[in-house]
Each structure stands twice: as structure tokens, then as C-alpha cells.
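Novice: the sequence isn't on hand, but the structure is:
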């Protein structure tokens, strides 16, 4: 039972991070390696707000989301727009986002120092029991928040005009251009939404782990794994992959020990990718090579 | 002076060779020579990596995994069976080829970014495996292997000299392999397959075999470099599999210019200089390196060595525009014979279609 709870908790946070990576790849065609630093910057934004403005949970969460969205938009301005349509675009976006991720981590370290920052508790310290398992408020709060936000995201993608544009873009960029969808304008929406989701994940994760300059690396790597495993661009695939990865992580940590997590996770990737070379979602079989 | 008689790049390479041969006579601090040996190790790895990444267009990140595993194999066999350093190099090479073969098999099924992820994970896997395995020294690593630098010369000037010239020799070997593969028939086949796989197949090129061949050759050399590393430092530790080291190597390749040996050497030299020389500057040097990486990727399309070509292309477009050719700027490069390229800035509409 406790394994189930930690699986859901991890899966909630992983899917928030991975969906941003997945949407960016499918819609705009680049792998955003700066996603980890967006995550960290949002965590610092929330921490700064809690220190200087207010410790009210709503304001802290909103600050994290807003800073994450702003950081995502900054990546759009600094990487996507200057490089869109240029030569050697793939390798250059990869390098530029990688550079930003280095830059961000080191600038944050210079500005705020290496020691981790603690965010105020968002969900209080209450807990309840299911059977004989104790579920703490931060875990259940993270799960509920993530599920609600993901539901809003899915409804937004299905119902809103921007969501429609994004879905068209992920399926066929050329077709999207023909029916008059402005990819550069949508890029802002995609990167800002991705950043906002990363910001939310950052605030939720900061309930357990503190915010530090390089706290974005692990979410970035796990997010990449989940996004690719899920099949880039497929939201159901991403959520399934997040649950799978989180289950493997929780099971390994419980029965084998934390230091084996990377090994079992890698074996999982190898097995899944060898059976389904395009990930679980597999929707992009022909759309993008 | 008839310029065309000499082969292309003759000036650069002969200058590099001369500097490489005589550098220790001018600057001979042991610290500096040590940095040079490290340069030779990283540059050899990068040259081999750019063969896979650039010439073949395979998105492999297995470089450090292969080199590190071979380093471990060499160190382990030296400690366990007491073999000497020439045999360590042989074992490293063989082990590198073996790991390369195992890694290359999934490559037949996986494409692009998925293969990148798998190979990315490989280094992490090796890192956690070596950290938790006591037989391989655990987190502290294994030290005490045989070395081509005799024990009594460690820390002396002559020891540093041996390390320097050994590294220099290895770098030349790596460059010769690069030249043979990239400039030879295999390179031509690989580039054809990289640009269009269906076209290459239609020509009758055995794409899988060509890719396997380049992967095996480069992996064997990476294994050699790994064993050299182990022998030079008398051992290895799990930190060789570090994510940040891998990213640093990647940055070296792209800053200099992917797809040219000259660019790889220049990029390696610049980033290694920033990394080693300004150690006391702390995070500021990492910020400088990251800024350099960012600017290079935004403003150049083929790294630092691609700048002259980029300027030529740009000025050619401008010249045509001044002549009144602005009505159709996309045709400008073709007009002056620099090579028609639709992915230029002057043709964003065409580029959008191109990318899908």
C-alpha cells in the first residue's frame, strides 16, 4: 500500500515534468534540455516569494507556476525563435538548451549560494490512514493537485483553440502551416505551459526535497526517460510511462535499495524500447523520425 | 606560391604537428604537460565520437561508457593478473569493440533520439554498477594498475614528458583513423546514408553494415583511449561515467564544429583551457563556458571553424541583394556558386517545410 502511494506521488510529479518535454518535442521538434533549469528557477521563484512576499500556499504555488511559465517563455525567446528554421537546427537547439541549463545552475549558485532552500509547507502536516498505511498530507496533496492540473491540461488541449492548434502541430507541422497555424506564436504557448507544469512539479517536489541550484538534473533525466518511454507527443503514453517508471523506482527502492534505482530503470528502458522502439504511445510512428 | 598544390588544411595540420612536437621544449611545467596529456585523451575520444555523431549521423552518447568500461577492464586485468601496460591497451581495445558491438545491436531497431536515450542511460548504468560492486573498487575506484610511466618517474619532469608524447602519439593515431574512415569509401557511404537512407539503400549501400563498421572501429579506438586513461592515471573511478563529463565532451565537439577534425581539436582545446586554467575562478568559469556554448550555437551553424564559410555565404547573399537580386533572395547563393541552401535565413518559408 505504501508502495502504491509513493508510486502515485512520483508518477504525478514525473508526468508533470515529462509532458512539457514531450509537448515541446512533438510540437516544436526540439529536445528542451533546459527543462531542468526551468524547474529549478521556478523552485527558487516560489522560495523567494515565500521569503519576501507571502507564505500563503496559494501564492507560493502560483509564484512557482508563473516563474516557470516565464522561464519557458524565455527559452522560447532565447533559443527557439533565433534558431527556428536555421541550418543544423537539431544539434544547435540541443547545445543552446544545454548551455542554458549549465548557465542557469551556475548563476543560481552564484546568486543564492549552494545551500538548499526550504519552501513552506503547502498542505499542512495532517495525515490519514488507508488500512494501516499512513498517508501524509504532502503526498496526497501532490497527487490530487497533479491529477487536477493534468485534467485541466487535457481538457484545454481537447477544447480550446490553442489546444487544437498544438494538437495539429504535433501531428503534422506542414499541414498546420497550410491551414494557417502560426507556429512561432504557438511556441510561446507550448513552452510557457511546459514551464508552468515544471514549476508546479518543482513546488510539489520541494515539499520533500529542498530547492538547490542543481536540483533540476534528476527531474530532467527522469523526465526525458518518461517522455521518450511514453512515446513523444502522446499524453496517455506519457502518463502510463510515468506510472511505470515510478512503480519500478518505488519497488526497487523498497526491495533492493535506493542505489539500484538507476540500474533497474535502465533495464526497464532497454526492455520497453526494444519491444516498442517508439515508446508506449507510439503515435508518432511516421510523423517524426 | 601556388596555393593549390598543397592539400587542403596543410598549413593548419603541419603547424599543429610542429607545435605538438616542440611544445614541451618551450613550456614544460608538469601541470601544463599534464593538461596536454588530458587534452590528448579527450581529443582522441572526441575525434572518434565525431566520426559516429558527425560522419555517420548516429546519435550515440555511449562514448564515455565504452571508454570507461574498457578502462575498468584494463585496470581489473592488470590488478588481477598482473599484466603489463601494452597488454592493458590490447585488452582495452578488444573490450571496447565488444561493448560497441553489444551497444550497436539495438541501434538496428532504434532511431535517433531513442538511441541517444539508450546510450545516455548506459553510462549511468555503468556508473551505478561500478559504484556498488566491491570487486571493482566501489565508489573509490580501482588504482594501482601498471603504467607506461615508470613508478620512480611519477611527478618528475621526464615522467610528464613520457605522458605528453604518449598522448601525442595516441592523438595522431586517432586522427589517422578519422582520416581513413571519414575521407575513405566508408565515410562516403555513411554520409550518403545520413543524408537519405532510402536513397542510399536504393544505390545498393548496405547501410546497417556500414554503420556497424564505423561503430566497431570507433568503439575499439575508444576502448584503446579508455585503457590509455587507466594506464596514465594508474586506475579508474566511477567518476569517469559522470553526466557532466559527457556533456563537457559534447560541448567541446559542437563548439569547435561537428564534422571536422580541426573543429573538434579547437573546441576541445578551448573548453579544456577554460576548465583547467581558471580553476580558481570557480563557478565563473563554468558560466563563461556556458555563455560561449550558447553564443556559438545561436550565431554559428557549424561551430567556430564554420565561421569563415558562414561569412562567405552571408556576404555573397548581400552582394547579390545589392545588385538588385532582392526579389528572389533564396536564389542568391546558387547564383554565386556557394551552394544553394534552402535552410538559410533568407528563405524561412522554405525552411519550415524542409524541417518536417
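Specialist: Received it, and whenever you're ready, just let me know what you need. All figures in this text were calculated on a predicted structure; none of them were measured in a lab.

Novice: now the strands for the stretch 151-289 of chain A?
Specialist: Listed in chain order, the stretch 151-289 of chain A contains no strands at all (DSSP state E, counting those that start in this stretch).

Novice: how about the residues of it by chain B?
Specialist: Residues of the stretch 151-289 of chain A lying close to chain B (CB under 8 Å from any CB of the partner chain) are A:172-174, A:177, A:183, A:217, A:221, A:224-225, A:228, A:232, A:259-260, A:262-263, A:265-266, A:269-270, A:273-274, A:277-279, A:289. Where C-beta positions appear, they are placed from N, C-alpha and C, glycine not excepted.

Novice: and if we set it to 6 Å?
Specialist: Within reach of chain B by CB under 6 Å from any CB of the partner chain, the stretch 151-289 of chain A has these residues: A:173-174, A:177, A:228, A:259, A:262-263, A:266, A:269, A:273-274, A:277.

Novice: farthest pair in those residues?
Specialist: A:177 and A:259 (48.6 Å; CB to CB).

Novice: which one's more surrounded, those two?
Specialist: Per other CB atoms under 10 Å in any protein chain shown, whichever of residue A:177 and residue A:259 has more neighbours is residue A:177, with 17 against 14.

Novice: chain A contacts on the stretch 101-250 of chain B?
Specialist: Residues of the stretch 101-250 of chain B lying near chain A (CB under 6 Å from any CB): B:106, B:109-110, B:114, B:117, B:121, B:124-125, B:128, B:132.

Novice: filter the residues of the stretch 151-289 of chain A next to chain B down to the ones in helices?
Specialist: Counting by DSSP state H, these place A:173-174, A:177, A:228, A:262-263, A:266, A:269, A:273-274 in helices.

Novice: still on that earlier bit, which members of the residues of the stretch 101-250 of chain B next to chain A are positioned in helices?
Specialist: Here DSSP H is the test, and those give B:106, B:114, B:117, B:121, B:124-125, B:128, B:132 as lying in helices.

Novice: in the stretch 1-150 of chain A, mark out all the strands, start to finish.
Specialist: A:127-130, A:133-136.

Novice: ok, residues contacting the last one?
Specialist: When contacts are defined by CB atoms under 6 Å, 6 or more residues apart in numbering or on different chains, strand A:133-136 is touched by residues A:1-2, A:5, A:127-128.

Novice: go through that strand and flag the buried ones.
Specialist: Within strand A:133-136, the residues scored as buried using 16 or more other CB atoms under 10 Å in any protein chain shown are A:135-136.

Novice: show me the strands paired with it, marking each as parallel or antiparallel.
Specialist: Take DSSP bridges as the rule and strand A:133-136 pairs in its sheet with strand A:127-130 (antiparallel).

Novice: avg pLDDT for the partner strand?
Specialist: For strand A:127-130, mean pLDDT is 70.

Novice: okay, and the residue nearest the centre of chain B sits in which element?
Specialist: Geometric centre of chain B, nearest residue: residue B:46, 1.4 Å, by CA atoms, centre = their mean. Using DSSP states H and E, residue B:46 sits in helix B:30-50.

Novice: show me the helices in the stretch 101-250 of chain B, by range?
Specialist: Under the criterion DSSP state H, counting those that start in this stretch, helices of the stretch 101-250 of chain B are mapped to B:112-132, B:157-182, B:185-195, B:197-202, B:207-232, B:243-256.

Novice: how about those helices in CSV, adding mean neighbour count?
Specialist: Shown next, in CSV, are the helices of the stretch 101-250 of chain B (neighbours: other CB atoms under 10 Å in any protein chain shown):
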stretch, mean neighbour count
helix B:112-132, 22
helix B:157-182, 19
helix B:185-195, 18
helix B:197-202, 13
helix B:207-232, 24
helix B:243-256, 22
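
Novice: up against chain B, what does the stretch 1-150 of chain A have?
Specialist: A:82, A:85, A:87-88, A:92, A:95-96, A:99, A:102-103, A:106, A:109-110.

Novice: filter the residues you listed down to the buried ones.
Specialist: For the residues of the stretch 1-150 of chain A next to chain B, buried by 16+ other CB under 10 Å: A:85, A:87-88, A:92, A:95-96, A:99, A:102-103, A:106, A:109.

Novice: want to throw those residues into JSON lines with pLDDT?
Specialist: Below are these laid out as JSON lines (pLDDT from 0 to 100):
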{"residue": "A:85", "pLDDT": "78"}
{"residue": "A:87", "pLDDT": "77"}
{"residue": "A:88", "pLDDT": "76"}
{"residue": "A:92", "pLDDT": "84"}
{"residue": "A:95", "pLDDT": "83"}
{"residue": "A:96", "pLDDT": "89"}
{"residue": "A:99", "pLDDT": "87"}
{"residue": "A:102", "pLDDT": "84"}
{"residue": "A:103", "pLDDT": "87"}
{"residue": "A:106", "pLDDT": "84"}
{"residue": "A:109", "pLDDT": "84"}
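
Novice: now list the buried members of the residues of the stretch 151-289 of chain A next to chain B.
Specialist: Judged by 16+ other CB under 10 Å, buried ones among those: A:173, A:177, A:228, A:262-263, A:266, A:269, A:273, A:277.

Novice: now do the next helix or strand along the chain from the helix holding residue B:46: everything it contacts.
Specialist: With elements assigned by DSSP H and E, the helix or strand that comes after helix B:30-50 is helix B:63-81. Outside helix B:63-81, the residues within contact range by CB under 6 Å, 6+ apart are B:45, B:49, B:83, B:88, B:91-92, B:95-96, B:99-100, B:122-123, B:126, B:142, B:145-146, B:219, B:222-223, B:225-227, B:229-230, B:235-236, B:240-241, B:246.

Novice: how about stretch A:109-123?
Specialist: Contacts for stretch A:109-123 (CB under 6 Å, 6+ apart): A:46-47, A:50, A:55, A:57, A:137-138, A:141, A:206, A:210-213, B:283.

Novice: and that stretch, what's buried?
Specialist: Counting neighbours by 16+ other CB under 10 Å, stretch A:109-123 gives A:109, A:112, A:117, A:119-120, A:122-123 as buried.

Novice: narrow those to those in helices?
Specialist: Using DSSP H, the buried residues of stretch A:109-123 in helices are A:109, A:112.

Novice: tell me how far the residue nearest to residue A:207 when sequence neighbours are not counted lies from residue A:3.
Specialist: Spatial nearest neighbour of residue A:207, excluding adjacent residues (CB to CB, 6 or more residues apart in numbering or on different chains): residue A:138 at 4.1 Å. Distance check for residue A:138 against residue A:3: by CB to CB, to the nearest Å, it reads 17 Å.

Novice: of the two, who's got more company?
Specialist: Each of residue A:138 and residue A:3 has its neighbours counted (other CB under 10 Å); residue A:138 has more, 21 against 15.

Novice: and the more buried one, what pLDDT?
Specialist: The predicted local confidence for residue A:138 is 75.

Novice: residue A:37 too?
Specialist: For residue A:37, the predicted pLDDT is 90.
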